[in-house]
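J.: just to be clear, the model below is a prediction. Sequence and coordinates:
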Amino acid sequence: MRNLYLWMIALLLTAPFLVVLGVSVGASKNISFPPEAFSAMWYQQLLTETEWLAAIGRSLLIAVIAGLISTVVALAINYVLWRTKSGFAKMTFALGLGPFMLPPIILALGASLFWAEVGWYGRMEATIISHGVFFVTLPLVIIARGFAALTDDVIEAAQMMGATPAAVFRTVVFPLIAPYVFTGFALVAIISVNEYLIANMISGFVVETLPIKIFNNVRYGYSPVVAAASMLFVGLTVTILLILSRVTDLVALFGTSKDT
Amino acid sequence: MMATPAYGPRLIGGLAFGVMAVFFVVPLIFMIVVSFYQPDPMGFYKVDFVWENYAKFFSSFYYTVSFRSLYSSVLGAVLVVALAFPLVLFVSDLSRKWQLFWIIMLLSLMCLSEVIIGFAWLILMSESAGMPRLLGWLGLWNDPRSLSPSFGAMMIGLVFLGFSIVSLILYPSVSRRDRSIEEAAVTLGTPPALVFFKVLLPTFRVSLLSVTLTMFVYLLGVFVMPTMLGRPKDWTMTVIISDKALGDANLPLGAALAVVMLIVTMLVLVLAAVLTRGRRT
């Protein structure tokens, strides 16, 4: 009964992607499944057509810089909270949790009006900054776990040896929280690559990212290239998460801590 | 750690706060301001102070849309939690290796674009590639036809989208639960179904309620599923807002509708906070 349920859910969660995979390797010009003949032509088209390549490049660029912004802000908030425990730091932390709790459409519309007023409407920088700020919640919570796991004695030892706060951070604190920081960065980067609504409302008509391109393609008649692009996404996302699972203990991060 | 906070942390803290305030809070405040402006068909808007945009909300069209949004989000949230809670319970008892497998799968799905999930279901429910074709081939459906766009297709999309998020939110508390009562009940010969309803559901009542509210707020703001998998008559407030902002270029009206949604969200979040507080005392 337990295993039946687990298998059923696993099947339901993967079935759509198995079908997309089938379509993407099919030779047929129309969307059809199961494929009658196999072909790599849709992947070839995806990776040679400049329009698709440009969208992939833009998406990756936005993701990496947005990831950096998010991680730096999340690290700063956590560091200050850990150093000072002040009310101001707690308030900043709470502010960082905000974007996750609001429906994305509200963030998207607010950002789009804001950037229009600033004069950056339709610019890639606007999308990058908004992604970086709106996705801060995840690294914030993850890095907080890293700081919570720090034990005071290591830091006190370093301080007694005469290390300045900056030196303590660089030589003791950062190496210990680095896996959490990296996890936070990677998650923001993946979410940013995949995000549609905010990117579309801020600069979608100029800066066509991969999700926007896929969405527009689906809306106005689509070919199996979209399936190939989707599989590229699935592959990329799963690969990064598999790499992450080597770097950080994901089970401990999302579930039980080992000691309890 | 330090008795007197140095200059450095204050500067860093101030900068981080500044970034969040300027790029997160200011846009929301500006959106509220714009909701009182006059729409300008030629450009964006005219600076003004009118209640007109809010007055438009109180019309039968927006009542219908609001009701539909609330209805599909509530239904979706309840379904997601009802499906995800047993899964998380089961997964938390698996071996570490399989737990990691599920976490990677759920994380992948959480990160994966709405657009791709919507597209995948679109294909899975299409006449030429998906379930209708399979059912037709099996002889279970004489006249296979595309299952989307429809209300059901949209709901499947919403549930699928929320499933990974709810599972990952519930996972820490479920996997850390005190298993002694369940074990005692099982040892005494209580059937598993009864353990679920008499022990596990009451223990997690508050977290389940709070995660349902979180999911409700999340589903309220989903854009892609209604547009890709739903019919125009299934479109939720999110689609209408984006339509007003991008399509009709009536930004003040879009902003007013978003502010109404913001108020509903705030009320739900306050309700969730009150519920969780009740548990601690």
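T.: Nice, thanks for sending it over. Numbering: from 1, shown residues only, chains lettered A, B, ... in the order given.
J.: okay, CA-based contacts and neighbour counts for the rest of this
T.: Will do.
J.: next up, the contacts around the residue lying closest to residue B:132 once chain neighbours are set aside.
T.: Spatial nearest neighbour of residue B:132, chain neighbours left out: residue B:144 (5.0 Å); criterion: C-alpha to C-alpha, 6 or more residues apart in numbering or on different chains. With contact set as C-alpha atoms under 8 Å, 6 or more residues apart in numbering or on different chains, residue B:144 has these partners: B:127, B:132-133, B:135-136.
J.: in the stretch 151-281 of chain B, where is pLDDT below threshold?
T.: The model of the stretch 151-281 of chain B has pLDDT under 70 over residues B:278-281.
J.: give me the pLDDT value at residue A:58.
T.: Predicted confidence (pLDDT) for residue A:58: 92.
J.: next up, the contacts around it.
T.: A:207-210.
J.: again, only using 6 Å
T.: Residues counted as contacts of residue A:58 (C-alpha atoms under 6 Å, 6 or more residues apart in numbering or on different chains) are residue A:209.
J.: quick check, it in a helix?
T.: Yes. Under DSSP: H, G, I helix; E, B strand; the rest coil, residue A:58 sits within a helix.
J.: so what's the residue count around residue B:54?
T.: Neighbour count of residue B:54, defined by other C-alpha atoms under 10 Å in any protein chain shown: 18.
J.: which stretches of the stretch 1-150 of chain B form helices?
T.: With DSSP state H, counting those that start in this stretch as the criterion, the stretch 1-150 of chain B has helices at B:7-20, B:26-34, B:52-57, B:60-92, B:96-111, B:114-124, B:131-138.
J.: which of those helices sits most buried?
T.: Most buried of the helices of the stretch 1-150 of chain B by mean neighbour count (mean count of other C-alpha atoms under 10 Å in any protein chain shown) is helix B:114-124; its value is a mean of 26.
J.: other SSEs contacting that helix?
T.: helix A:2-24 (3 or more C-alpha pairs under 6 Å, 6 or more residues apart in numbering or on different chains; DSSP states H and E).
J.: what about the helix it packs on, near chain B?
T.: Yes. Contact between helix A:2-24 and chain B, assessed by C-alpha under 6 Å from any C-alpha of the partner chain, occurs at A:16, A:20.
J.: buried ones in that helix?
T.: A:6, A:13, A:15-17, A:19-24 (16 or more other C-alpha atoms under 10 Å in any protein chain shown).
J.: other SSEs contacting that helix?
T.: If you count contacts as 3+ C-alpha pairs under 6 Å, 6+ apart, helix A:2-24 packs onto helix A:225-247, helix B:114-124.
J.: stretch B:171-185 near chain A at all?
T.: Yes. Residues of stretch B:171-185 contacting chain A under C-alpha under 6 Å from any C-alpha: B:171-172, B:175-176.
J.: identify the farthest-apart pair in the buried residues of helix A:2-24.
T.: A:6 and A:24 (27.4 Å; C-alpha to C-alpha).
J.: which residues of chain B lie near chain A?
T.: So far as C-alpha under 6 Å from any C-alpha goes, chain B lies against chain A at B:1, B:5, B:9, B:13, B:16-17, B:27-28, B:31, B:100, B:108, B:111-113, B:116, B:120-121, B:124, B:128-129, B:171-172, B:175-176, B:218, B:221, B:258.
J.: if we can go back for a sec, quick one: the helices and strands packed on helix A:2-24 as a markdown table, columns for mean pLDDT and distance to residue B:191 too.
T.: Listed next are those as a markdown table, based on pLDDT from 0 to 100; distance: least, C-alpha to C-alpha, whole Å:
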| stretch | mean pLDDT | distance to residue B:191 |
| --- | --- | --- |
| helix A:225-247 | 87 | 37 |
| helix B:114-124 | 86 | 37 |
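J.: in CSV, list those helices along with distance to residue B:188.
T.: Converted to CSV, the helices and strands packed on helix A:2-24 look like this (distance: least, C-alpha to C-alpha, whole Å):
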stretch, distance to residue B:188
helix A:225-247, 39
helix B:114-124, 44
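J.: distance from the lowest-mean-pLDDT helix or strand in chain A to the middle of the chain?
T.: Using mean pLDDT, DSSP states H and E, helix A:250-254 stands out as the lowest-scoring helix or strand of chain A, at a mean of 77. Taking C-alpha atoms, centre = their mean, to the nearest Å, the mean C-alpha location of helix A:250-254 is offset from the chain mean by 17 Å.
J.: residues of that helix that come out buried?
T.: Buried positions in helix A:250-254, judged by neighbour count with 16+ other C-alpha under 10 Å: A:250-251, A:253-254.
J.: that concludes my questions; thank you for your assistance.
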